[in-house]
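Engineer: here is my input, please return the structure:
(chains A, B, C and D)
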Number of protein chains: 2
Amino acid sequence: MNRPSGIDRPARQSRTEQVQLDTQQRCSGCDVGHLCVATGADETTLEKLDHLLEIRDGVTPSRVVVKRGDPFQGLIAVRSGCFKTYTHDRDGREHVLGFFLPGELIGLDAIERGFHQYDVIALDHGALCELDFEALVEISACSDGLRKQLFRLFASRLADVEWRTGDYTADERLAAFLLDISERLHQRGRDGQRFELPMSRSDIGSYLSLATETVSRVLSRFQKQQWIAVRRKQVSMIAPDALSSAAEAILESR
Amino acid sequence: MNRPSGIDRPARQSRTEQVQLDTQQRCSGCDVGHLCVATGADETTLEKLDHLLEIRDGVTPSRVVVKRGDPFQGLIAVRSGCFKTYTHDRDGREHVLGFFLPGELIGLDAIERGFHQYDVIALDHGALCELDFEALVEISACSDGLRKQLFRLFASRLADVEWRTGDYTADERLAAFLLDISERLHQRGRDGQRFELPMSRSDIGSYLSLATETVSRVLSRFQKQQWIAVRRKQVSMIAPDALSSAAEAILESR
DNA sequence: CGCTGTCTTGAGTACGATCAAGTACGGTGG
DNA sequence: CCACCGTACTTGATCGTACTCAAGACAGCG
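Structural biologist: Next comes the predicted model:
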């Protein structure tokens, strides 16, 4: 339960070189700077952030980047790709806690206890940034914008989790899930109307507290109702309004 | 959806008087200073916090202290009593989102959108502190301790919500709920072995996504099994170990 | 002492889980 | 290129937990 891995990365001394050599590998040159911690940061803060980053590039699908129990060294920001967080219970059943898209922060709940509460795995090819937490707290002293943004990112993670605690039907859950993914992709400059789900049916089921078979059945029914077109991971939103009204009970409470 | 109430209080100019007159009504003199924002704050920060507080005393049971849609003016800390947050969906069904004990913060998820996402009601006689958010962000610039504590409070709220998103049985949920309340009361210097539940069965059911009848049935069964003694709101924990092992699947994942 | 709301207990039902087959796809090797 | 295999997904049948509906018990209160 206590492998001292953190997010694995090239040797530490290469860090500053990387940052200095490759301007794309900074907060300032990041695709999702407008969603992530850099939002609203002034020039000085941005530069400090750039030097704080540990970038882990070229992460491949199924790569486990954090193990439960790893010491919490810093928050992990998704730079590209999609990641999932999960635990295994004693019976070996997997519980998926969240899916993370570019600009989103992983590891917020590790702050309190000092070690990660779950495993993190890549669902895609992607890249991550590790943000040393102590340093982040320190530089946030000088920037109202950064402090507020950190709170905002916390609040949005809270909102993501909160709706799933409610007592909703399989249809409501799946409709809300599809709309949520669609919107988040859209925010990130991707097509929110037609997209590829990076996760498996059983991941979705676990995330929504439904059996894999139920996920499959409901998606098939949505397709029969002409609300979506779905073929394996490929999804097209045909009647988002119908989905919205199916998910009404969830949507209106957030 | 937009009544400009915030937490209702005496007129603003009386604030400083109150703070200056009554030393008990400061962070420094608070029973739960060791759990709330004041934790780890130095003298200077503590004094700033004292001047930031708006205390709302003598809140009576069933009093609605925040309405959904109220503009977010500040975080609300429970000073004494117990409060619940909830929404109503279109059908009038109530969804309980959380129960808050002394030292816990209400309104974290209002930060992002700028208005409260749910109603807040008192379940007890109690008192609240409103902490102006802008001012809090401002004074947190000078205190690493305060900044970290705010993050920690966020993280613990996240942990509270997260376990309820999982797919657990009624027994697991209720066992975990009882243990959670018991522990939180204990942390606050109250008896964690024998206590009074401040909320109704239907509140518990809504919070755990169970029907009122199920809550009642499971509690009766726990009593028959000699795990607890329960009579209306009065609960005694007889075999907490049995509850722990019943809630194992939940407890091990946090 | 009866009224009211909350809680408990009972009986039947439904939604989604589980068990079980069958199908499509992607990868591998001949 | 195609045959084979393993995995992921889909579809069907049955089952079980927790919900719903309904009635009764209990406490608090006028």
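
Engineer: excluding residues flanking it in the chain, which one is nearest A:Y207?
Structural biologist: A:V96 (4.3 Å; CB to CB, 6 or more residues apart in numbering or on different chains). Where you see a C-beta, it was placed from the backbone N, CA and C, and this is true even at glycine.

Engineer: check contacts around the one you found.
Structural biologist: By CB atoms under 8 Å, 6 or more residues apart in numbering or on different chains, the contact set of A:V96 is A:84-86, A:199, A:203, A:206-207.

Engineer: also A:G107?
Structural biologist: A:66, A:72, A:74-76, A:116, A:120.

Engineer: the same query, at a cut-off of 7 Å, please.
Structural biologist: If you count contacts by CB atoms under 7 Å, 6 or more residues apart in numbering or on different chains, A:G107 has them with A:72, A:75-76, A:116.

Engineer: still on that earlier bit, and which of the contacts of A:V96 is nearest to A:Q226?
Structural biologist: Set against A:Q226, the nearest of the contacts of A:V96 by CB to CB is A:M199 (24.1 Å).

Engineer: now the closest one: how far from A:V235?
Structural biologist: 12 Å (CB to CB, to the nearest Å).

Engineer: what do you get for A:R113?
Structural biologist: From A:R113 to A:V235 the distance is 37 Å (CB to CB).

Engineer: compare those two (neighbour count), which wins?
Structural biologist: A:V235 (21 against 14; other CB atoms under 10 Å in any protein chain shown).

Engineer: that one bridge partners, please.
Structural biologist: A:F195, A:V230 (DSSP bridges).

Engineer: who's in contact with it?
Structural biologist: A:178, A:195, A:197, A:228.

Engineer: repeat for A:V59
Structural biologist: Applying CB under 7 Å, 6+ apart, the residues contacting A:V59 are A:65, A:81, A:122, A:125-128.

Engineer: closest one of the residues you listed to DNA strand D?
Structural biologist: Proximity of the contacts of A:V59 to DNA strand D (CB to the nearest atom of the strand) peaks at A:A122, which lies at 14.5 Å.

Engineer: and that closest one, how many residues sit next to it?
Structural biologist: Residues near A:A122, counting by other CB under 10 Å, number 21.

Engineer: that one and chain B: what is the separation?
Structural biologist: 21 Å (CB to the nearest CB, to the nearest Å).

Engineer: one more: A:A249?
Structural biologist: From A:A249 to chain B the distance is 5 Å (CB to the nearest CB).

Engineer: next up, phi/psi of the nearest residue to that residue once chain neighbours are set aside, please.
Structural biologist: Leaving aside its sequence neighbours, A:A249 sits nearest to B:D89 (CB to CB, 6+ apart; 5.0 Å). Here is the backbone geometry of B:D89 (degrees, to the nearest 10): phi -90, psi 180.

Engineer: ranking by neighbours, what's the top pick from the contacts of A:G107?
Structural biologist: When neighbours are counted by other CB under 10 Å, A:I76 leads the contacts of A:G107 with 28 neighbours.

Engineer: who's in contact with it?
Structural biologist: Counted by CB under 7 Å, 6+ apart, A:I76 has contacts A:7, A:105-107, A:128, A:130.

Engineer: tell me, how many residues neighbour the residue of the stretch 1-150 of chain A at minimum distance from DNA strand C?
Structural biologist: Here the residue of the stretch 1-150 of chain A nearest DNA strand C is A:R93; by CB to the nearest atom of the strand that distance is 8.5 Å. Using other CB under 10 Å, A:R93 has 11 neighbouring residues.

Engineer: mind checking pLDDT for it?
Structural biologist: Turning to A:R93, the model gives it a pLDDT of 82.

Engineer: likewise the one 3 residues further on?
Structural biologist: According to the prediction, A:V96 has pLDDT 96.

Engineer: how far does stretch A:77-97 stretch from one end to the other?
Structural biologist: 16 Å (CA to CA, to the nearest Å).

Engineer: compare the contacts of A:V235 and tell me which is most surrounded.
Structural biologist: Highest neighbour count within the contacts of A:V235: A:L178, with 24 neighbours (other CB under 10 Å).

Engineer: find the nearest non-adjacent residue to it, please.
Structural biologist: Excluding the flanking residues, the one nearest A:L178 by CB to CB, 6+ apart is A:L243, at 6.0 Å.

Engineer: please identify which helix or strand holds that neighbour.
Structural biologist: helix A:240-246 (DSSP states H and E).

Engineer: does DNA strand C sit close to that helix?
Structural biologist: No. On the criterion CB under 7 Å from any atom of the strand, helix A:240-246 is out of touch with DNA strand C, staying 11.6 Å away.

Engineer: would a markdown table of the contacts of A:G107 with pLDDT be doable?
Structural biologist: Below are these laid out as a markdown table (pLDDT from 0 to 100):
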| residue | pLDDT |
| --- | --- |
| A:F72 | 94 |
| A:L75 | 95 |
| A:I76 | 96 |
| A:H116 | 94 |
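
Engineer: can you name the two of these that sit furthest apart?
Structural biologist: Across the contacts of A:G107, no pair lies farther apart than A:L75 and A:H116, at 10.9 Å, counting by CB to CB.

Engineer: for the helix or strand harbouring A:K84, packing partners?
Structural biologist: Following DSSP H and E, one finds A:K84 within strand A:83-88. The criterion is 3 or more CB pairs under 7 Å, 6 or more residues apart in numbering or on different chains; DSSP states H and E, and the helices and strands that strand A:83-88 contacts are strand A:94-100, strand A:119-122.

Engineer: cutoff 10 Å now
Structural biologist: Secondary-structure packing of strand A:83-88 (3 or more CB pairs under 10 Å, 6 or more residues apart in numbering or on different chains; DSSP states H and E): strand A:64-66, strand A:94-100, strand A:105-106, strand A:119-122, helix A:201-208.
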